[in-house]
Each structure stands twice: as structure tokens, then as C-alpha cells.
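Chemist: please work out how this folds:
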Amino acid sequence: MNTALNDQRELASTLVDRAKAVASGLRERAPEAEERRRVHAESFRAMKQADLFRAYTPARFGGYELHPRYFWRIAAEIAKGCPSSSWVYSVMSCHTFVTALFPEQAQEEVFGADPNAGISGILPDRTSATRTDGGYVLKNSVWPFGSGCHNANWFLLGAQLDGMPPGHDKAFFLVPPEDIEIKDDWYVTGLRATGSNSVSLKQDEYFVPGHRMLKAETALAHKYGTARPLLYRAPFAPLLVISLSAGTTMGAATGALEFYEDLLRTRSARPMVYTDDILKIQLSSTHHILAEATAKLEAARLMTDHAMDLCYEAAADYTRILSTEQRARIRLYGVHAMHQAREVANILFQDSGGSSLHERSLMQRYYRDINAMSMHEAMHDEIIKEVYGRLRLNQTTTHWLL
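Modeler: Sure thing, here's the model as predicted:
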């Protein structure tokens, strides 16, 4: 196990370095990406050429099956350059993880063709699917928030299975991009460059082969002994939600902290307005804000690592099945860490002065994007706190993404 972890650390170090190299170009192209309301094609190409999308791809297809505590560090480096690009990278990587749970034939179609495949989609069920000979008939609908849809090699769409009881009726379907219609409706103030348009099918009733369907209950269960590789035995929902949120928020908050310190050291040389001789770098409030932001962000990093380690430990010890409360606790840690990072960005933005409002300022982009991330329903702070509190007190919950 130690040898395997050492190999993972070395691989992670290489991937993080590649992400750093890619991030500078993403930063330069971010204004144009926001104007186009999608990840810049050159930015997406650079992330693929650096093999970053292989992080959660199965090893048998040339992927890395990366430990999740290292995955979020890749996304964080990307986020320092462009949070929207990092969000798309994280979303697609999470969908790579989901696709790695599909039947082998589906995995061969996706990863056999391209281990760096970018998979967009929307997992919550937005329509129904009916069993038929050889597969399912998926009724057309509108799936909102299809992050990275313009760059996708495949789409994952959620639907409810007709005739199945609650708890057994949710499923994910793989659909190729030529059968998808993208609706131009992504006009937003945060995460502008994610291209998170709504998507629909080009047919009112669309046939999906049986091997391109995965039941949600199959994904949520981690009772597979050694039948799955180690990474894919991790508790599905906690790992997925934290992988989606951690890197993008940590990276944006870290970028905001670096911006703030650079502002103090190099760009605040004149006395503050309405004073004769006081520099911002000399204010006690500045020192307090810098220390508070540093402490909050470090606490968020440690909590995120702890949550990811709990996921991996559960995967390694496949004889121990986590309870619903234990899975909710991991999700609680991840969401709490994310909101700590958001608080850091908000504090620093507020204290950075009016110049940070300029649309070319990195700080305003960190601020807008990290607040947009925290509005994702899976990251809702109050909801997951209520879910965990209920389970802790042996009460029921209808929340199924656990």
C-alpha cells in the first residue's frame, strides 16, 4: 500500500505541475472565454494534451485512477488560472468516475476511443425511461446546467425508470454528442465561461442500448469486494460531491489570497485615500484579514484531505460498509470546507478595494465564480447540515445522494 501511495504522490506531483503550466494560458484566455460563455477551445485542448482528464479514468484504459486527495489539487491549480475551466474539468472528471462504473462495453466505447474523454451531463432525473428490447426508450426533456457541453465527447443524462419502486428508479444514460441539442441559455454572472447550457435530445423518444445505462443504486452501493479497482469502491456520493467542489473552490480562494497579498506588497504603495501617510499594508485590520484568510483556508484544506482519506479508506477496507450517517458526515466535511473557502474569497474581495471591481481583475472573477459554485444544489450548506443532523439523531431523510 505504501509503495502504491508513493507512486500516486509522484504521479500527482507531475500532474499538478502540468496543471500549473496550463493555468497561465487559461488565465490569459479567461476574458475571451467569459465573453463566449464557454471554456476556450484552446484551453480545453491544453488540458487534454496534458492528460489531466485521465485522473479518474480506469488504469486498464490508460488512466491514472488517482487518489482523490491528489485529484483536487490538480483542479485547484487550474482554478487559479480560470475557475470556470476548473469547474468544467471537475464536472467532467466526476462523470468519468461515474462512467467507470458502467458495464464494460460502455467503458470500452468511451475510454477505449479516448482515455481523455470529456463527459458532460446532468445526473438528476429530468425525464422517464421505459424498458424495451435491448435497452431503454428515453423520453425527451430539458436537462439544465450541462457544464462543458460544447467540449463533450459524451453526455450523461439522468432519468427515472418507469415501473420501478422508489430507491430503485433512478438511472444514468450515456448519449453521444451527435444526438444532443444545446440550447443557448447560459447568461449568468458567475461561472460564465463554463458553457453550462441546457441540453435536450434531438428525438422525442430516444433508444439507448442496455449497456449504456447505470442504475443509481448500483453506483451508490460500494459492496463489490475486489470486483472493482480500488478507486471505484469508494463511497460514490461523498467522493463525487467533494471532487466536484474542492479543487475549484480551494483554487479560487488560494488565487484570491495570492492576489490580495500581491496587492498589498506591490500595488498599494500610495497612502490610502483621505489620509496623509497611512498605507494599507500598515493597517492592523489588513494584518488580521490576512491571518484569518490563511487560517480558514488551511483548515478547509485539511478538512478536505480528511474527507478524501475517509473515502479512500472505505474503498480499501471493502469489508466495512459505511452507514448512511458516515457517508453524510464525509459530505458534511466537504461542503463545510467549500463554504470556508468561499468565505475567504468574499473577505478578501471586500477588502481589496474598488479596483478589484474591474472586469479584467482576477479578484472579481474569483469572487463571482466561487459564489456561483456554492449555489450548486449538491453543495447547499444548510441542506447537508440538516441531512446529517437528522441521521445523527436517527431520523429519516429523503435525500438520496449519500
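
Chemist: flag every buried residue along stretch 62-75.
Modeler: Applying a neighbour-count criterion of 16 or more other C-beta atoms under 10 Å, the buried positions in stretch 62-75 are 63-75. (C-beta placed from N, C-alpha, C; glycine too.)

Chemist: so which of the residues you listed would you say is closest to residue 149?
Modeler: For the buried residues of stretch 62-75, the residue nearest residue 149 by C-beta to C-beta is residue 75; the value is 18.9 Å.

Chemist: quick test: name the residue nearest the centre of this structure.
Modeler: Nearest to the centroid of the C-alpha atoms of the chain, with distances taken as C-alpha atoms, centre = their mean, sits residue 244, at 1.8 Å.

Chemist: which other residues reach the lowest-mean-pLDDT helix or strand in the chain?
Modeler: The weakest-scoring helix or strand in the chain, judged by mean pLDDT, DSSP states H and E, is helix 216-220 (a mean of 89). For helix 216-220, the external contacting residues (C-beta atoms under 8 Å, 6 or more residues apart in numbering) are 98, 101, 158, 167-168, 170-172, 236-237, 400-402.

Chemist: poorly predicted segments of the stretch 301-402 of the chain, please.
Modeler: Along the stretch 301-402 of the chain, the model assigns pLDDT under 70 to no residue.

Chemist: about what we covered before: and the residue nearest to the centre of the chain, that one's in a helix?
Modeler: Yes: the assignment for residue 244 is a helix, going by DSSP: H, G, I helix; E, B strand; the rest coil.

Chemist: residue 94 and residue 397, how far apart?
Modeler: 22 Å (C-beta to C-beta, to the nearest Å).

Chemist: which of those two has more neighbours?
Modeler: residue 94 (23 against 16; other C-beta atoms under 10 Å).

Chemist: I'd assumed residue 240 was in contact with that one.
Modeler: Yes: in this structure, residue 94 is within contact of residue 240 by C-beta atoms under 8 Å, at 5.1 Å.

Chemist: report the secondary structure state of residue 278.
Modeler: coil.

Chemist: can you name the residues that contact the closest residue to it other than its chain neighbours?
Modeler: Nearest non-adjacent residue to residue 278, counting by C-beta to C-beta, 6 or more residues apart in numbering: residue 272, 5.3 Å away. Going by C-beta under 8 Å, 6+ apart, residue 272 touches 278-280, 283.

Chemist: got it, and residue 66?
Modeler: Residue 66 touches 8, 11-12, 15, 55-56, 231, counting by C-beta under 8 Å, 6+ apart.

Chemist: need the helices for this structure, in chain order.
Modeler: For the chain, helices defined by DSSP state H occupy the ranges 2-36, 41-49, 68-81, 83-99, 104-111, 216-220, 236-266, 284-316, 324-350, 362-373, 381-392.

Chemist: hey, which of those is tucked in deepest?
Modeler: Among the helices of the chain, ranked by average contacts under mean count of other C-beta atoms under 10 Å, first place goes to helix 83-99 (a mean of 28).

Chemist: how about stretch 364-384 as PDB, C-alpha atoms only?
Modeler: Output in PDB follows, covering the C-alpha atoms of stretch 364-384 (Å, rounded to 0.1, in the frame of the first residue of the first chain):
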ATOM      1  CA  GLN A 364     -13.700  39.800  -9.200                       C
ATOM      2  CA  ARG A 365     -13.600  36.600 -11.200                       C
ATOM      3  CA  TYR A 366     -12.600  34.500  -8.200                       C
ATOM      4  CA  TYR A 367     -15.400  36.200  -6.200                       C
ATOM      5  CA  ARG A 368     -18.100  35.700  -8.800                       C
ATOM      6  CA  ASP A 369     -17.200  32.200  -9.700                       C
ATOM      7  CA  ILE A 370     -16.700  30.800  -6.200                       C
ATOM      8  CA  ASN A 371     -20.100  32.200  -5.100                       C
ATOM      9  CA  ALA A 372     -21.700  30.600  -8.100                       C
ATOM     10  CA  MET A 373     -20.100  27.300  -7.300                       C
ATOM     11  CA  SER A 374     -21.500  27.300  -3.800                       C
ATOM     12  CA  MET A 375     -25.100  27.700  -5.200                       C
ATOM     13  CA  HIS A 376     -25.000  24.200  -6.700                       C
ATOM     14  CA  GLU A 377     -27.700  22.100  -5.000                       C
ATOM     15  CA  ALA A 378     -25.300  19.300  -4.000                       C
ATOM     16  CA  MET A 379     -23.200  21.900  -2.100                       C
ATOM     17  CA  HIS A 380     -26.100  23.600  -0.300                       C
ATOM     18  CA  ASP A 381     -24.700  24.200   3.200                       C
ATOM     19  CA  GLU A 382     -28.000  24.200   5.100                       C
ATOM     20  CA  ILE A 383     -29.400  21.100   3.300                       C
ATOM     21  CA  ILE A 384     -26.400  18.800   4.100                       C
END
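
Chemist: ok so, going back, out of the contacts of residue 272, which end up buried?
Modeler: residue 280.

Chemist: how near is residue 139 to residue 28?
Modeler: Residue 139 is 43 Å from residue 28, by C-beta to C-beta.

Chemist: do residue 14 as well
Modeler: In this view, residue 14 and residue 28 are 23 Å apart by C-beta to C-beta.

Chemist: same thing with residue 329?
Modeler: From residue 329 to residue 28 the distance is 41 Å (C-beta to C-beta).
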